[in-house]
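S.K.: Next one to model:
(chains A and B)
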Amino acid sequence: MSAVFDNLDVFLGGFWLTLQLCFLSAIGALFVGTIVAVMRISPVPPLRAIGTAYVTVFRNIPLTIVFFFSAFGLPALGSNADFLRIPVVDTIFSRMGIDLPYFRFAIIALSLYTGAFVCEALRSGINAVPAGQAEAARAIGLTFGQNLRHVVLPQAWKAAVVPLGSVIIAMIKNSALAGFFGVVGDLSNSGYALITVNGEPTIPIMIGISLGFLIMTVPLGVLLDRIEKRRAVAR
Amino acid sequence: MSQQTILYDAPGPRARRITLIGSIVAGALILVGAYFLVYRPLDKRGEFTMDKWGPLIDPNNEYFGQLWQRIADGFQATLTAAALAVVASLLCGTLLAMARLQLKAMARRRYVGLPTAAALLLRALTVALDWISRIFVEVFRGLPVVITIVFVWLGLPAAGVDLGNLLWYLVLGLVLYNTVVIAEILRSGMEGLPSGQREAADAVGLSTGQTIRMILLPQAFRIMLPALISQLVVVLKDTSLGFIIGYEEILRVTSQIVQFLNNQIQMYVVVGAIYILVNYALSKLAGYVQHRLARGRRARNLNGGGAAPEPAVAPEVAAVPAEPTDRA
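M.R.: Residues are numbered from 1 along each chain as shown, chains lettered A, B, ... in the order given. Got it, this is the predicted structure:
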C-alpha cells in the first residue's frame, strides 16, 4: 500500500475534484429533475409529452453515450459550455472557469442523465401522497401551482428522500466515468494515470481509488438505510 | 395516471384554447431557436451532407453493407456480454441472498447441547461469515462499475491471472457488481414477505434452508420480477463500459468506424437510438409484468373477501414490499 501513501496528495486532489464534480452535478440534476417532474405532472399535455420523452431517452441510453454527446457534440455546436462560468461560483470551484471545457461537459452530462432519475424519484414521492390531500386542496380552490407548492410537494419530499438518495449515490458512482472523458485529475483519472503513466503497481492504486469512492458512497448508503428503517417503524 | 389527474381539474374550453395557442407559439419559438443554435452550426460543419450520412442510410453507398455488418457484430458482442453477465449474476445473486439469510438465522442460534468450546467456535464462525458477506455487499454496492471493471482488467493480469478474452474481464466486472445488487433485491423481497410465511414454515418443521428455498425465494422472485427486469436494462447499459477496456462491443465498433468515416455525430445518434429502442422494450416488458402481477394479486384479494384499498403508493414503490398488505 506504500504506493498509495506515496501518492497521497494525488489521491486527495482527485478525491476533492470528484467531490466538486458530484456536488455541482447533484445540484444540476436536482434542478433538471424537478423541472421535468413538474412538466410530467402538469395539466398541459405537450409539456407532459416532452417530460415523458426526456425521461424515456435518458433512462434508456448508456451514460457513456451521453458523455460522448456532451464531449463531442457540444463543441460541434460551437459551444464550450461557457454559460457554466458563473462569476462567483467559478472562484470557489476553479475548474468551472478554466478554458478546458471538459469539467463543464462532465457536469452537463451527469446532470442531464441523472435528472431523468431524479424526476422519477420525485414522481414516486408525489404518488405516495394520499390522493385525499390533493383533492382537498383542489376543493378549497387552490390552483395547480398552489396545490403543488403548499400541499403536495412538502409531503412528497419526505417520501422522495430515500429514492433521491439512491439516485445521488448512483450519480457519485457514475462520476467515475468523467475521468475517461477528458476530465483531468479526478479520482479515476489521476489513479489511472498513476498506473499507466507513472508505472505504479496496479492493485494498491486500484484499491486506493476504490477506497476514495467507498468513503463517499458507503456512509450515504448507511444513512439512507437508517432513514428507511425509521420510516418503516413509524408506519 | 389517475393519481396525477387528481392534481388539477380537467381543462375547460378556455384552458384548452390557451394551451393550444401557447403550444403553437412555444413550438415556433423552439423551432426558430433550434434553427439558429443547432441546425445552422451543424449545417456549417457539413453534418447533414450525404458524405456523412450516406454510409448509414444509403444502400448504394460503398460502406453501407460493411458498416451495418460491423454494427450488427458489435451489437451481438454487447448482447453476449449482457446475457452472460445477467445469467451469472442472477445465479450468484440468488446464492448470495440465500447465504445471507441463512447466516443471519445461524448467527442467532445458540447451539445448545454441544460442548461449550464447539458452540462458541461455531458461533464465532457464523458471525464472522455474516460480517464478511455484509462487507462484501457494502463494498461492491458502493463501487462504480467502471472501477470494478478496470480493476478486474488491470488487477487480474497483475496478479498473474489471465482470462484470455477481454469479454471475460467485462463480464466478471459486471457480475461482481450485479451479483450484489440482485442479492439485495432478493433479500429485501424475502424479508418483506409477511412474517406468517416464515412462522408457518417453522410450524410444519421446515429447516431454515428449506424455508428459504421452498417458501421465501419463489415468492421473492415473483414479487421482485419487475425490479429484476429493470436491473437487466442496467446491465445492458453498463456493457457499454466495455468500450473503456477495449472490448469490441457496439460502442467500441462505433468509435472505430468514426475514426475511419469521421461521422461521429451521425454514428452516435444511430447507436443511441438502438440502445433506447432495446432498453425501452425491456422497460415496457417490466411494466407489463408488474401490471400482470398487480392484477393477479388484486383479484385474489377480492376473492378472499374485503376489497383491498387502492394503494396510495405508486406501482413502482408498491412492488417493493414495504407493506405487504395481502395474504396476511
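
S.K.: who in the stretch 1-150 of chain B is up against chain A?
M.R.: B:3-4, B:6-9, B:11, B:15, B:19, B:22-23, B:26-27, B:37-38, B:41-42, B:45, B:47, B:138-139, B:141-147, B:150 (Cβ under 8 Å from any Cβ of the partner chain). C-beta coordinates here come from the backbone N, C-alpha and C atoms, glycine included.

S.K.: Can you flag the buried ones in those?
M.R.: B:3-4, B:6-8, B:19, B:42, B:47, B:138-139, B:141-147, B:150 (16 or more other Cβ atoms under 10 Å in any protein chain shown).

S.K.: quick one: the helices in chain A?
M.R.: Here chain A has its helices, by DSSP state H, at A:2-6, A:8-41, A:45-60, A:63-68, A:74-76, A:89-92, A:102-128, A:131-139, A:144-146, A:153-174, A:187-196, A:202-234.

S.K.: which parts of the fourth one are buried?
M.R.: Read that as helix A:63-68. Applying 16+ other Cβ under 10 Å to helix A:63-68 flags A:L63, A:T64, A:I65, A:V66, A:F67, A:F68 as buried.

S.K.: any weak-confidence spans in chain A?
M.R.: Within chain A, the stretches with pLDDT under 70 are A:1, A:80-82, A:85, A:87-89, A:91, A:95-97, A:99, A:233-235.

S.K.: returning to that earlier point: which of the residues of the stretch 1-150 of chain B next to chain A fall in helices?
M.R.: Using DSSP H, the residues of the stretch 1-150 of chain B next to chain A in helices are B:3-4, B:15, B:19, B:22-23, B:26-27, B:41-42, B:138-139, B:141-142, B:145-147, B:150.

S.K.: Please list which of the buried residues of helix A:63-68 are also close to chain B.
M.R.: A:L63, A:T64, A:I65, A:F68.

S.K.: B:M267 is in contact with the last one, correct?
M.R.: Spelled out, it's A:F68. No: contact criterion Cβ atoms under 8 Å: A:F68 and B:M267 do not qualify, at 9.6 Å.

S.K.: Which residues are in contact with each of these two?
M.R.: Residues touching both A:F68 and B:M267 (Cβ atoms under 8 Å, 6 or more residues apart in numbering or on different chains): none.

S.K.: Nearest the middle, which residue of the chain would you pick?
M.R.: No chain in the question, so chain A it is. Centroid check for chain A by Cα atoms, centre = their mean gives A:A26 as the closest residue, at 3.8 Å.

S.K.: To clarify, I was referring to chain B.
M.R.: Of the residues in chain B (compared using Cα atoms, centre = their mean), B:Q231 is nearest the centre, at 1.6 Å.

S.K.: Please pull out the lowest mean pLDDT helix or strand from chain B.
M.R.: Across the helices and strands of chain B, mean confidence by mean pLDDT, DSSP states H and E is lowest for helix B:315-319: a mean of 38.

S.K.: Just the closest of the buried residues of helix A:63-68 to B:A273, please.
M.R.: Here the nearest of those to B:A273, counting by Cβ to Cβ, is A:I65; it sits at 10.0 Å.

S.K.: number of nearby residues for the residue nearest to that closest one when sequence neighbours are not counted?
M.R.: Distances taken as Cβ to Cβ, 6 or more residues apart in numbering or on different chains put B:G272 closest to A:I65, at 4.9 Å, once the chain neighbours are dropped. Number of residues near B:G272 (other Cβ atoms under 10 Å in any protein chain shown) recorded here: 21.

S.K.: now the host helix or strand of B:G272 and helix A:45-60, what's the angle there?
M.R.: In the assignment (DSSP states H and E), B:G272 maps to helix B:264-303. Between helix B:264-303 and helix A:45-60, the angle comes out at 100 degrees (axes from the mean of the first three to the mean of the last three Cα atoms, to 10 degrees).
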